[in-house]
Each structure stands twice: as C-alpha cells, then as structure tokens.
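Enquirer: Just to be clear, the model below is a prediction. Sequence and coordinates:
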Amino acid sequence: MSLIVTGTIGIDTIHTPTGSAESVLGGSCTYFAAAASFFTPVRIVAAVGGDFTTEHEKVFAAFPTVCCQGLDRRPQSKTFAWGGRYLDDMNQRETLYTHLGVLEEAPPIPPEVYRDSRFVFLANTHPGVQRGLLEHFPARTLAVADTMNLWIDIASDELKALLTSVDGLVLNDEEARMLTGSRNNIDAGRRILDMGPRFAIIKKGEHGSILVHRDGVAAIPAYPTDVVIDPTGAGDSFAGGLMGRLASTTAADPLSLEEIQKAMAVGSVVASFTIESFSLERLTTLQRAEIDGRAQEFARMVRV
Ligand code: AMP
C-alpha cells in the first residue's frame, strides 16, 4: 500500500574514528525512503536548495521505486546540512553543526497525486512541518513519527501536539528520557503512550530496540555485526525497513504488537547494511535477496 515520507534531505559531513566523508547525501527522508523502497514504492515530500548537486540527485536514481515527484527544488535556498562526529564508542555521536536552510522556509506541499497515501512516516524534521503534512492524508491507515533531541529542545510544544495525532513514535533512548523525564525505557514508553500514540519504539543503537505497545512490551536486538563504518542513518533505515514491511503486508493488522515486532526485525536487518558504508553507498548496491538472506539468519540468531 502507498507509503509517503516527509523529512530532511541533507548534505552531511561525517567523521568516524576511522575516516571522514564530506558533503555526502544524507537526511532522514533519504535514508528512510531508500530503506523502505526494497519492500514497497515510496513517495517523498522534501525540499532541497541550489547546492543539491546532480551527484546527490543521482543517488536517488539507484532506488527506482522512490517517487521524487514531491521533491521541491529551490535554487535560491540552501539544502539542510548536518555535521556529526562519532566517538570511539560508535554508539555516541556529537552534532558539529545543523544548518536548517530550507527548513526555515515554508514546508513543501505534497503533490495532489499523493493524496491517497495510506501509510505516512514523518521522518525527523520540525514537528510543526510533520503535523502539517498529516492534514493532507485524512484516509491514512497508519501514521508514525520520528523525532530527535534538537526538536525536543526547541519545539517541545509542537511535538506534544503532534503526538496526539500519530499512531506511533520512534526515537532513541536518550531522546525518550529528554521527552518524558524517565530513565527507564519501559516507563518512558508508557509515558509516551499517555501523550497519544498507540505504540512507542525506543532505539538503543547496537543494543536493539524496545516496543512499548498498548497490548504489551517486546524487544528486538540489533543485527549483530562487526562491520560498522558509519552508523549515520541507521535509525532512519530501521524505520524505513519497519514501515516498508508494514505497508507491504496489507492483509495483516499493521497496528498489532506482533506485526510491529516482526517489522522491527526487518528494520534491524536493513539498518545493518546501511552502517557498512558512508552515506547511502551500501544501500545503492543492496539487493532484496541479500536482505531476505540476512533476515533468515537473524531469525535463527534470535530464536529462544
Ligand atoms: P540517524 O543516524 O538515523 O539519526 O540519521 C542521521 C541523518 O539525519 C543525517 O543524514 C542527517 O542529515 C539527518 N539529521 C541530523 N539532524 C537532524 C535534524 N535535527 N532533523 C532532521 N534530520 C536530521
């Protein structure tokens, strides 16, 4: 079923303990769309500026089921740009800079042909923009949002307003603590449910993720791997795999604890490929058969 995403298309500069990448394609919408496109067609709604090069745009061509009709090109503006540095413990990163660029302007409007979208993912961007997008899709089956520290810091009221209108929230453990004041992930998840969503997924980097759902709690490990070149985009790819799987299994109830848990396993597997390279390099050569093979291996690994 039709899946739509709004979020950032970013120009990233990344430093890890073993290397750096300058001005490469990134952004929450980008990683999400690429990851989800292995399972279902994805429509994107995002804006870029005049510094978005043909080299950046070419990366999208590697994902033929990503529809770029909702890409809003603004030659006089600057693309969102982000710089990050990972510490020796690659679970920890610091933001070096965030240049909002087009995010400070009016948000992009989804094309009319996108109106029938049933699955909506609000990847990381300003919560006001996320909320505005939702209004275009009254017939949605499932709406899930992501958020991060910057938005909890500077747009907390808008984020809380957004939470009253979405079915699910995905965020990392540090962000869950910032949002709820609770250091315990289950307790933080329950507090998020009190704010509106039916489920919350709290990500813990290489330690996996926890689902807090109205019907109970579930946990999924990260795919165990020693190939970690650049963790950037792991969270967005996790969400892309998750939503892609939910949107492609139309017969099942996409809101049940069991379906979400299965989809989280798919998200973990896709994220494990993303981190094997800088930017979207690994995803551009990835085949669906490789995902399915690793998913089977993962199922064996988590069997108890
Ligand atoms: P992740 O590693 O999954 O958290 O996502 C990293 C991506 O998010 C990078 O490619 C950045 O361009 C993008 N990003 C960083 N900060 C923000 C922000 N405040 N809002 C939206 N996207 C962001």
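Expert: Thanks, I have the structure now.
Enquirer: How about the secondary structure of residue 108?
Expert: Look at residue 108: counting by DSSP: H, G, I helix; E, B strand; the rest coil, its state is coil.
Enquirer: Please tell me how far it sits from residue 77.
Expert: Distance check for residue 108 against residue 77: by Cβ to Cβ, to the nearest Å, it reads 11 Å. Backbone N, C-alpha and C define where each C-beta goes, glycine included.
Enquirer: okay, and the common contacts of the two?
Expert: residue 47 (Cβ atoms under 8 Å, 6 or more residues apart in numbering).
Enquirer: Any residue of stretch 199-215 touching the ligand?
Expert: No: with Cβ under 6 Å from any ligand atom as the measure, stretch 199-215 is seen stopping short of the ligand, the closest distance being 8.8 Å.
Enquirer: no wait, stretch 234-254
Expert: Yes: for stretch 234-254 and the ligand, the contact criterion (Cβ under 6 Å from any ligand atom) is met by 234, 235, 236.
Enquirer: Which of those fall within helices?
Expert: When DSSP state H is applied, the residues of stretch 234-254 next to the ligand are split such that 234, 235, 236 fall in helices.
Enquirer: Looking at neighbours, which among the residues you listed is most surrounded?
Expert: residue 236 (32 neighbours; other Cβ atoms under 10 Å).
Enquirer: Could I get the contacting residues of residue 285?
Expert: Residue 285 sits in contact with residue 62, where contact means Cβ under 8 Å, 6+ apart.
Enquirer: how much space between it and residue 220?
Expert: 26 Å.
Enquirer: So is stretch 81-88 next to the ligand?
Expert: Yes: against the ligand, stretch 81-88 shows contacts by Cβ under 6 Å from any ligand atom at residue 82.
Enquirer: and residue 69, which of the three is it?
Expert: Look at residue 69: counting by three-state DSSP, its state is coil.
Enquirer: Quick one: neighbours of the closest residue to it other than its chain neighbours, just the number.
Expert: Spatial nearest neighbour of residue 69, excluding adjacent residues (Cβ to Cβ, 6 or more residues apart in numbering): residue 111 at 5.1 Å. Neighbours of residue 111 under the rule other Cβ under 10 Å: 15.
Enquirer: any idea how far residue 111 lies from residue 42?
Expert: Computed as Cβ to Cβ, the residue 111 to residue 42 distance reads 14 Å.
Enquirer: What backbone torsions are found at residue 87?
Expert: phi -80, psi 180 (degrees, to the nearest 10).
Enquirer: Next, the contact list for it, please.
Expert: For residue 87, the contacting residues are 17, 93, 94, by Cβ under 8 Å, 6+ apart.
Enquirer: In three-state terms, how would the nearest residue to the last one once chain neighbours are set aside be classified?
Expert: Nearest in space to residue 94, with sequence neighbours left out and distances taken as Cβ to Cβ, 6+ apart, is residue 85 at 5.3 Å. At residue 85, secondary structure determined by three-state DSSP is strand.
Enquirer: right, and residue 85 touches residue 15 too?
Expert: Yes: if you go by Cβ atoms under 8 Å, residue 85 and residue 15 touch, sitting 4.4 Å apart.
Enquirer: what sits in contact with each of the two?
Expert: Shared contacts of residue 85 and residue 15, defined by Cβ under 8 Å, 6+ apart, comprise residue 96.
Enquirer: tell me which parts of the stretch 101-250 of the chain are close to the ligand?
Expert: Contact residues, the stretch 101-250 of the chain versus the ligand (Cβ under 6 Å from any ligand atom): 124, 125, 148, 150, 232, 233, 234, 235, 236.
Enquirer: Model confidence at the residue positioned nearest the centre of the chain, what's the number?
Expert: Geometric centre of the chain, nearest residue: residue 236, 2.6 Å, by Cα atoms, centre = their mean. With respect to pLDDT, residue 236 scores 97.
Enquirer: List the residues that contact it.
Expert: Residues in contact with residue 236 (Cβ under 8 Å, 6+ apart) are 7, 28, 29, 30, 31, 32, 35, 123, 124, 146.
Enquirer: low pLDDT regions in the chain?
Expert: Where the chain drops to pLDDT under 70, the residues are 1, 250-252.
Enquirer: which one's the longest helix in it?
Expert: helix 257-274.
Enquirer: Quick one: list the elements packing against that one.
Expert: helix 28-36, strand 199-203, strand 209-213, strand 216-220, helix 234-248, helix 281-285, helix 288-302 (3 or more Cβ pairs under 8 Å, 6 or more residues apart in numbering; DSSP states H and E).
Enquirer: That one: how far from the chain's middle?
Expert: Relative to its chain's centre, helix 257-274 lies at 12 Å (Cα atoms, centre = their mean, to the nearest Å).
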